[in-house]
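Colleague: Sequence first, then the predicted structure, then my questions.
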Amino acid sequence: NTLRVWDLNSGQCIAILQDHAASVNSVALSADGFRAISGSSDNTLRVWDLNSGQCIAILQGHADSVNSVALSADGLRALSICMHHMCVWDLGAGRCLDKLHHRSICMTLSPDGAKALSCNGEYVVFRDLLTGQWHIPIRNLTAYFLSMAISPDCSHVLSGCSDGNLRFWNLAGDECRPDQPRRSHSERISCVSLSHDGSFAVSGSWSNELRVWNTNSGSCVASFPGRAYNNVIWSIAISRDGSRVLSGSRDKTVRVWDLASGQCIAILQDHTDQVHSVAFAPDGSRALSGCRDGTLRLWDLSKGDCVITLKGHTSSIRGMAFLNDGSRAISGSIDGTLRLWNLESGACLTRYQCHNSCDLYCLAVSLNGSRAVSGGWETLRVLDLRLDQCLRTLRGHKRRTEIFDPSAFGNYGPRASITDDGSRAVTCADDKTLRVWDLERGDCLAVYHAGSGIEDVAISPTGGCIVCATQDGQMHFLTPKNFPLLV
């Protein structure tokens, strides 16, 4: 029967508000944070002064439990619902302005307090509280709305539904349908990569297709059809100048694409198994590819020749990168090890045993070669490559419970990407979450719930944009505009 006021900086409860005679079902906070309103199963609403902790008004008018309350941005008007009707309140006068007989499960109030949106489970009513006019913009619901939020201009509404989905609706016109998520490929997306300036992304799919995306608009600007491939694209990389793309696939080849023309300009063939990882050298003249058989190959892109084969890993290569001037490279494998290579001699310079066998699924390395992040199902390791030591272990993602053969799932498992300076990383796993990490402190800065298993993730060099691909074929673009924690 209580409300609690929390200080989000300290995490402490700073006040307990007690006056209701039954459970408190809904609360709303004023824009200035000085007042709150609560709805209770005692059939009343109470207005609270949060500085003094006192109840300053009791609003009575409902004949049943008050299930939801909303407050206008100016704090002058409130809306409340019970199972049988909805009440509009003038908080200055402390009286009910209007009682609307409309069974509602949830509702929301526009920021100016002039419009209300309510749902009864079958349809949604959009009501102008000043004129009394109303219409039904959303009908024939396939799932109950349990919660709603309306945009400041009243053009869109976000609903949390009984089927576990969030839906974003366009309210323009007399009727509307939910804005469709941006579906990118006809089948699952297997890999993504961001350009160095963060202006575009490239995705690869199980339908053997590459697509190029504008990260500002989220629109697909080019598509390279899958007829050139025999099977799934497992890995892609973009050259630093943004002119070419490397792709590695299940058909054992590495392909070089010209982004301007959309043409495949080279096919590199020497691997004896699926290619799970690819990378460009800093100057774009060479490439590395990692195979399911545990080998890496260094390619001269001007000739299309394999210059050297690196052997040492005993299982699939899950990530690799050139270091500094391109004379060395680092690779990570499902065998649980990282290896540092001399690309002139092909010798393994250092071997890091960072994870247990079958528990290293991704590797991301900062552009300056100073820091790396390797990931298993439950742990991430942050490595200082200059000091040859593990700085810290990060935990947050939840491991899947099934037992499986990793090689049977292609390039499957957690993924990671790191900013150029090595200060931040982004990781994903099959717990359907994406996590942003501060690698200096080891803190998880943000968690993004994608709603579906995440296949791959990439962060721009400066950390200003994140792109991830989900198993339902969607691309998600996170920027400071829609994901403020990136700032």
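Modeller: Noted; the coordinates are in hand.

Colleague: Could you use CA atoms for every contact and neighbour count after this?
Modeller: Will do.

Colleague: Whatever helix or strand Trp341 lives in pairs with which strands, parallel or anti?
Modeller: Trp341 belongs to strand 337-342 when assigned by DSSP states H and E. Under the criterion DSSP bridges, strand 337-342 sits next to strand 328-333 (antiparallel), strand 348-353 (antiparallel) in its sheet.

Colleague: ok, residues contacting it?
Modeller: 313, 327-332, 347-355, 357, 360 (CA atoms under 8 Å, 6 or more residues apart in numbering).

Colleague: before we move on, the earlier item: select, out of the strands paired with strand 337-342, the one closest to Asp430.
Modeller: strand 328-333 (18.9 Å; CA to CA).

Colleague: quick one: the closest one to chain centroid distance?
Modeller: Offset of strand 328-333 from its chain centre (CA atoms, centre = their mean, to the nearest Å): 27 Å.

Colleague: buried residues in that strand?
Modeller: 328-333 (16 or more other CA atoms under 10 Å).

Colleague: go on, stretch 299-308?
Modeller: Buried-residue list, stretch 299-308, by 16+ other CA under 10 Å: 299-301, 306, 308.

Colleague: Where does the prediction get shaky in the stretch 251-400 of the chain?
Modeller: 357-359, 377, 399-400 (pLDDT under 70).

Colleague: rerun at 90
Modeller: 251, 262, 318-319, 323-326, 334-338, 350, 352-400 (pLDDT under 90).

Colleague: can you give me the strands in it?
Modeller: Counting by DSSP state E, counting those that start in this stretch, the segments of the stretch 251-400 of the chain that form strands are 253-258, 263-269, 275-280, 286-291, 296-300, 305-310, 317-323, 328-333, 337-342, 348-353, 362-365, 371-375, 379-384, 389-395.

Colleague: who wins for proximity to Ala446 among those strands?
Modeller: That would be strand 389-395 among the strands of the stretch 251-400 of the chain, by CA to CA, at 13.3 Å.

Colleague: Name the strands paired with the closest one and say parallel or antiparallel.
Modeller: Sheet pairing for strand 389-395, using DSSP bridges, gives strand 379-384 (antiparallel).

Colleague: what angle sits between the strand it pairs with and strand 371-375?
Modeller: Relative orientation of strand 379-384 and strand 371-375, computed by axes from the mean of the first three to the mean of the last three CA atoms, to 10 degrees: 160 degrees.

Colleague: re the thing from before, which of the contacts of strand 337-342 count as buried?
Modeller: By 16+ other CA under 10 Å, these give 313, 328-332, 348, 351, 354-355, 360 as buried.

Colleague: which of those residues sit farthest apart?
Modeller: Among those, Arg328 and His355 lie farthest apart (CA to CA), at 22.0 Å.

Colleague: Ends of stretch 255-262, what's the gap?
Modeller: Separation of the first and last residues of stretch 255-262 by CA to CA, to the nearest Å is 12 Å.

Colleague: Thank you kindly, that will do.
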